[in-house]
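1. below are the sequence and a predicted model for it; my questions follow.
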Amino acid sequence: MTVQANMAGLPEFTRQAITGLPSLSLTALGNSQTTGLALATDFNVFTTVASSTGCQLPWGIDGATSGPVQIGDSITVVNHGANALSVYPQSGGKIANGSANAAFSVSATKLADFTYIGGGNWAAAVSA
């Protein structure tokens, strides 16, 4: 039996967290913050990662920015590619309290969870 829920009014990533919307077999793009592949779902598996390529986390929704994620929402990135994956915040944002706009490297065969903490900034946890 299929269960349907009324999700009108919920933010996109909240609906995705409930229903589970993965992006599988992604290819990393670009070599900068502005050219990285824009992530559109909350669970992202990269199978093709050329050297120096990457992706970009979405905008958060709070007083500083307007986007599809709220404070506390998480994005998972899995790197099944051959090279390290560069993960970028949106312009002006930081990942793991690094420098503004700097890439966060996810090594091949690793999984990283990024949690939005507001102001365009993300916390990060990487698998061992």
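-> Yep, it's here.
2. so which residues of this structure form strands?
-> In the chain, the segments counted as strands under DSSP state E are 22-27, 37-38, 43-48, 54-56, 60-61, 69-70, 74-79, 85-88, 104-106, 111-118, 121-126.
3. so what's residue 75 up against?
-> By Cβ atoms under 8 Å, 6 or more residues apart in numbering, the contact list for residue 75 reads 13, 39, 42, 43, 44, 57, 58, 69, 113, 114, 116. Backbone N, C-alpha and C define where each C-beta goes, glycine included.
4. name the nearest residue to residue 54, ignoring sequence neighbours.
-> With sequence-adjacent residues excluded and distances taken as Cβ to Cβ, 6 or more residues apart in numbering, residue 54 is closest to residue 86, at 3.1 Å.
5. what about the one you found, distance to residue 14?
-> From residue 86 across to residue 14, the span is 27 Å (Cβ to Cβ, to the nearest Å).
6. higher neighbour count, those two?
-> Neighbour count, other Cβ atoms under 10 Å: between residue 86 and residue 14, residue 86 has more, with 22 against 16.
7. how about the contacts made by that one?
-> So residue 86 contacts 28, 31, 36, 52, 53, 54, 55, 103, 104, 105 (Cβ under 8 Å, 6+ apart).
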